[in-house]
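**Student:** how does the following fold in three dimensions:
(one chain, ligands or ions: 1)
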Amino acid sequence: MANKKVLKSQDISGLAEYIASEKCKNVVLMLGAGVSTSAGIPDFRSPETGLYANLARLKLPYPEAVFEINFFRKNPEPFYTLAHELYPGKFRPTLTHSFIRLLAEHSLLHTCLTQNIDCLERQAKVPADKIIEAHGSFASQHCIDCGRTYDDATMKRKVLAKEIPKCEKCKGLVKPDIVFFGESLPDEFIRAIPNVAKADLLIIMGTSLTVHPFAGLAERADRACPRVLINLDLVGSIGKRPNDVVLLGKCDEMVQALCNALGWEEELLELWAQTEMKAHWEADEADAEDAEGEEDEEPEEEKSTAEDLVGVITDAIDRKLNLEESKGENEDVASVTAAAPAKEGADKKEDVLTIPVKEEAERVDPPGKL
Ligand code: CNA
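**Tutor:** Model prediction:
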């Protein structure tokens, strides 16, 4: 029974036929950074274009350090350099994000589990109760010392003005509620883990399936549930079960082809057209700098140039490096290096985020073993 073929063919047409059938009522999604690369946000691990490849050039002790809580405590600047570029509002959702909304409009979306922190699912108007941000997001923030929440508008203003926000009560560092390595995953994610087993269809898109425990969720799908991988390369164990479908290529192209086969392409493009946005963040950024200027009388050179406001993170990092190199002595890099563990490269940690131990010991497997 478990090995019964559910799909007529393990390709887009077999998948479209299944989605259109009565058998497919609950679609669960697992998303990674690859669904947002066409928006201009680099993923982590793509060679040359990925964040890690570029962050390494900032002379971090190892690229993952930028998302490590202990490193952040010592040196929050690299993270805030990234946060400035990644901050929600700067990027338009992709066709793939609109496909997720389309699944919801067709009453097929059960749960959208995303590792992404860019809030593009929200921005594409995927219903909020369907989105589980497994690694948190930029939508809220806390002081890492006293836990006090920090005002959204002030946070946005500080990040866009390239300032490091500090707690108004204890002056501790404020961090967006993004899960760093070594931190616990949100309770909503833990509660949503059983949803994977309820799926009639599991679609995994744009992820290297290397960060645990998220990556292990794919194994929780029922063996009769078709699992679809849409990715540039083959990852995880997808392809090993009789109903697995592997669609290697770009997410946007694959979902468009799928929608075409379903007769949904026009609807998809309409939804995507609705995501078109004015570059309101440019105005926000300018406002933020003005406000900070009024508050703190920032020197002129602290303000963003127009050049800072365009392009992707890699460009920004390139620009930063060029700027620093031309100054001769690189203050940021020097401070990063000073704060880093002496044993360069030796401390690279496994990509494992932590499940809150107390409640979860009975309910889920230990990290890395899902
Ligand atoms: P990853 O490890 O960088 O893997 C991305 C995967 O997507 C790779 O297998 C790529 O081949 C693939 N890919 C890249 N572009 C495309 C495309 N256009 N179409 C199809 N596949 C593509 O990223 P993961 O998401 O697997 O790693 C989890 C980390 C990444 C999470 O903790 C995130 O918070 C973190 N992250 C998020 C963002 C974001 O929010 N947009 C950006 C960068 C990293």
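
**Student:** what's the average pLDDT for the helix or strand Glu270 falls within?
**Tutor:** Using DSSP states H and E, Glu270 sits within helix 265-273. The pLDDT scores in helix 265-273 average 98.

**Student:** by contact count, what packs against it?
**Tutor:** Contacts defined by 3 or more Cβ pairs under 8 Å, 6 or more residues apart in numbering; DSSP states H and E place helix 265-273 against helix 95-105, helix 251-262. All C-beta atoms are positioned from the backbone trio N, CA, C, and that covers glycine.

**Student:** near the ligand, which residues of the stretch 251-370 of the chain?
**Tutor:** By the rule Cβ under 6 Å from any ligand atom, the part of the stretch 251-370 of the chain lying against the ligand is Cys251.

**Student:** go again using 8 Å as the cut-off
**Tutor:** 251-252, 254, 351, 353 (Cβ under 8 Å from any ligand atom).

**Student:** and what of the stretch 51-200 of the chain?
**Tutor:** 51-52, 67, 86, 96, 114-118, 120, 134-135, 178-179.

**Student:** widest-spaced pair of those residues?
**Tutor:** Spatial extent of those (Cβ to Cβ) is set by the pair Phe67 and Thr96 at 23.3 Å.

**Student:** for the stretch 201-350 of the chain, which segments count as strands?
**Tutor:** 201-205, 227-231, 245-248 (DSSP state E, counting those that start in this stretch).

**Student:** in JSON lines, list those strands along with mean pLDDT, distance to the ligand and mean neighbour count.
**Tutor:** Below are the strands of the stretch 201-350 of the chain laid out as JSON lines (pLDDT from 0 to 100; distance: least, Cβ to the nearest ligand atom, whole Å; neighbours: other Cβ atoms under 10 Å):
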{"stretch": "strand 201-205", "mean pLDDT": "98", "distance to the ligand": "7", "mean neighbour count": "26"}
{"stretch": "strand 227-231", "mean pLDDT": "98", "distance to the ligand": "4", "mean neighbour count": "26"}
{"stretch": "strand 245-248", "mean pLDDT": "98", "distance to the ligand": "8", "mean neighbour count": "18"}
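
**Student:** and the longest strand for the chain?
**Tutor:** Longest strand of the chain, by residue count under DSSP state E: strand 136-143.

**Student:** what's the helix holding Glu270 in contact with?
**Tutor:** Helix 265-273 is contacted from outside by 93, 95, 98-99, 101-102, 105, 124, 255-256, 259, using Cβ atoms under 8 Å, 6 or more residues apart in numbering.

**Student:** so in this structure, where's the weakest helix or strand by average pLDDT?
**Tutor:** Lowest on mean pLDDT, DSSP states H and E among the helices and strands of the chain sits helix 331-339, with a mean of 23.

**Student:** which residue is nearest the middle of this structure?
**Tutor:** For the chain, the residue nearest the mean C-alpha position is Asn116 (1.7 Å; Cα atoms, centre = their mean).

**Student:** could you report the neighbour count for the closest residue in space to Pro63 that isn't next to it in sequence?
**Tutor:** With sequence-adjacent residues excluded and distances taken as Cβ to Cβ, 6 or more residues apart in numbering, Pro63 is closest to Tyr52, at 3.8 Å. Residues near Tyr52, counting by other Cβ atoms under 10 Å, number 17.

**Student:** show me what contacts Tyr52?
**Tutor:** The contact partners of Tyr52, by Cβ under 8 Å, 6+ apart, come to 44-45, 63-64.

**Student:** and the next helix or strand past the helix or strand where it lies?
**Tutor:** Using DSSP H and E, Tyr52 falls within helix 51-55. Remark: after helix 51-55, the chain's next helix or strand is helix 69-74, criterion DSSP H and E.

**Student:** residues making contact with that next one?
**Tutor:** 60-61, 65, 79, 144, 173, 175, 180-183, 339-340.

**Student:** could you list the alpha-carbon positions for the helix or strand following that helix in CSV?
**Tutor:** Next helix or strand after helix 69-74 toward the C-terminus (DSSP H and E): helix 77-86. The C-alpha coordinates for helix 77-86 follow below in CSV (Å, rounded to 0.1, in the frame of the first residue of the first chain):
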residue,chain,number,x,y,z
GLU,A,77,27.9,44.9,13.0
PRO,A,78,28.1,42.2,10.3
PHE,A,79,24.6,41.1,11.1
TYR,A,80,23.3,44.7,10.9
THR,A,81,25.1,45.3,7.7
LEU,A,82,23.1,42.4,6.3
ALA,A,83,19.9,43.4,8.0
HIS,A,84,20.1,46.8,6.4
GLU,A,85,20.1,45.2,3.0
LEU,A,86,17.6,42.4,3.7
